[in-house]
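Peer 1: Next one to model:
(one chain, ligands or ions: 1)
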Amino acid sequence: MASPGSSRQTKPVHILFVGAGAVGCFYASRLHHPSENIFVSLTARSNYEAIATSGVTLETRSFGNYTFIPYAVFPSISAAVPNSSPPPSTTLTNPASSKAPPEDGWDYIIVTTKALPDRSDDAALIAPLVSSKSCVVLIQNGVGVEDPYRKRFPQTPIVSAVTVISAEQIRDGVVRQNRWTRISLGPYGSGLEGRRSRNGDGDGEEASEVVRRGGERTAELARWWTELGGLRDAETHTELELQTIRWHKLCINAAFNPTAVLSGGRGNAEQLEDGELRRHALGVMDEVWRAAPAVLGKPFPAHLASPERIVRSTERNAGARPSMLLDWEAGRPLELEVILGNPVRIARAAGVEMPRLQSLYALLRSMQAARERKKGREKL
Ligand SMILES: NC(=O)c1ccc[n+]([C@@H]2O[C@H](COP(=O)([O-])OP(=O)(O)OC[C@H]3O[C@@H](n4cnc5c(N)ncnc54)[C@H](OP(=O)(O)O)[C@@H]3O)[C@@H](O)[C@H]2O)c1
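Peer 2: Coordinates of the predicted model:
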């Protein structure tokens with residue numbers, strides 16, 4: 001809460017990012033304002049040592065170059081659990097590496113891992129961090145990402161966020177933001193399934209309370225990112241609007257990311273130079289377009305870019321290589337479930353088949369499994 005006449009928080013607000021990669025470090029750095037009583041901490045993993053030693057170096061197009069020293073940095077999720085672990089004993093020089101988690105718990109837990117529900121149950125992993133004062137925020141691509149969190153934390157406000165950004169961690173603890181800063185935020189209640197089963201415009205009583213609290217947290221975060229963090233396009237939405245944005249972003253992610261891998265490494269604009277791949281991209285987008293009304297209860301609104309407009313803007317963005325391709329080339333797991341598997345299953349439950357997405361899903365899942373079997377054999 002802010003004191004009257006000032007935006008400074010009267011009580012310290014403690015925010016933990018789980019996943020100190022490209023998206024996490026960028027948005028964390030725009031939210032950390034000790035002078036306003038807002039303290040941002042990071043849970044790192046492979047890059048812990050680099051961040052604990054020197055903080056995060058940001059090279060950004062929107063805000064120039066700067067160093068972000070978080071309030072605290074933890075080497076694991078369990079190390080960030082309030083009152084359960086002593087402050088890390090460390091020889092690292094940065095004071096952020098020796099701070100304990102806040103005794104009265106985290107106000108916000110912002111999840112910025114890759115969404116890999118087939119690999120790890122991140123909702124279960126963060127459960128010891130979540131208290132009655134916490135809000136869980138998910139900044140991840142895909143659809144259906146919120147469901148495991150809602151099931152595990154029925155009373156906890158959840159903020160769902162979609163970002164349009166191009167960012168990458170170029171070395172441990174060094175994050176480059178190439179372009180864009182858009183973040184769309186909205187509360188998450190019981191999801192579209194819940195809306196449908198209640199047969200009305202949405203929210204039963206219990207859901208509306210959790211959505212109301214999620215809405216307050218949505219507004220608070222957007223205000224801090226805008227007024228303190230300088231983001232020009234932190235936007236707030238209703239639950240349905242935000243889900244519409246998730247499904248609309250799927251047009252881009254489902255059309256270009258899987259195809260980048262299956263086409264042998266072509267970037268988005270490069271795919272469009274090939275007549276058959278262009279037809280395929282438009283076909284995938286069209287499929288999402290046709291599934292949306294069944295899933296969302298109404299068609300995409302007219303102000304959202306049509307497949308043809310998406311194609312034109314993609315053509316202008318020559319050289320961009322989607323993260324799924326980078327993940328494939330680096331041997332990392334792909335966000336297949338949230339970009340392909342969940343949409344296929346959610347649309348099917350709403351009575352619509354998505355055969356192009358289903359084929360992409362089946363092929364890439366099989367390729368990924370074959371690669372892992374091969375890796376396993378090589379290890380023997
Ligand atoms: N990058 C972009 O431009 C962009 C744009 C729009 C949307 N997105 C979406 O944003 C989300 C995050 O993407 P990203 O690019 O930031 O990914 P990223 O750079 O790979 O960062 C993810 C981070 O999460 C960490 N992590 C994973 N599991 C963890 C755990 N259990 N404990 C602690 N840390 C853990 C990873 O650590 P390790 O290094 O140890 O694996 C990594 O540092 C994804 O859903 C992505 O699709 C990204």
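Peer 1: Near the residue nearest to Pro117 when sequence neighbours are not counted, how many other residues are there?
Peer 2: Closest residue to Pro117 apart from its sequence neighbours, by Cβ to Cβ, 6 or more residues apart in numbering: Glu337 at 5.2 Å. C-beta here means a position set from N, CA and C on the backbone, and glycine is covered the same way. Look at Glu337: counted by other Cβ atoms under 10 Å, it has 22 neighbours.
Peer 1: Mind listing what's buried along stretch 73-89?
Peer 2: By neighbour count on 16 or more other Cβ atoms under 10 Å, the buried set for stretch 73-89 is 73-75, 77, 79-82, 88.
Peer 1: Using PDB, write out the CA atom coordinates for that stretch.
Peer 2: Extracted in PDB, the C-alpha atoms of stretch 73-89 (Å, rounded to 0.1, in the frame of the first residue of the first chain):
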ATOM      1  CA  VAL A  73      19.900 -13.700  -5.300                       C
ATOM      2  CA  PHE A  74      19.400 -17.300  -4.500                       C
ATOM      3  CA  PRO A  75      21.000 -20.400  -6.000                       C
ATOM      4  CA  SER A  76      17.800 -22.400  -6.000                       C
ATOM      5  CA  ILE A  77      14.100 -22.200  -5.200                       C
ATOM      6  CA  SER A  78      14.500 -23.900  -1.900                       C
ATOM      7  CA  ALA A  79      17.100 -21.300  -0.800                       C
ATOM      8  CA  ALA A  80      14.400 -18.600  -1.400                       C
ATOM      9  CA  VAL A  81      11.800 -20.200   1.000                       C
ATOM     10  CA  PRO A  82      11.200 -17.800   3.900                       C
ATOM     11  CA  ASN A  83      12.300 -18.900   7.400                       C
ATOM     12  CA  SER A  84      13.400 -22.300   6.200                       C
ATOM     13  CA  SER A  85      17.000 -21.700   5.300                       C
ATOM     14  CA  PRO A  86      19.800 -19.700   6.800                       C
ATOM     15  CA  PRO A  87      21.300 -17.000   4.600                       C
ATOM     16  CA  PRO A  88      23.800 -18.500   2.200                       C
ATOM     17  CA  SER A  89      27.300 -18.600   3.500                       C
END
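Peer 1: Point me to the residue of the chain nearest the ligand.
Peer 2: With Cβ to the nearest ligand atom, the shortest gap between the chain and the ligand falls at Gly21, namely 1.7 Å.
Peer 1: Report the contact partners of that residue.
Peer 2: Gly21 is in contact with 112-114, 169, 175, counting by Cβ atoms under 8 Å, 6 or more residues apart in numbering.
Peer 1: State whether Arg246 and Ser160 are indeed in contact, as I suppose.
Peer 2: Yes. Shown here, Arg246 and Ser160 form a contact pair, counting by Cβ atoms under 8 Å, at 7.3 Å.
Peer 1: The two - which one has more neighbours?
Peer 2: Legend: neighbour count by other Cβ under 10 Å for Arg246 and Ser160, higher for Ser160 (28 against 25).
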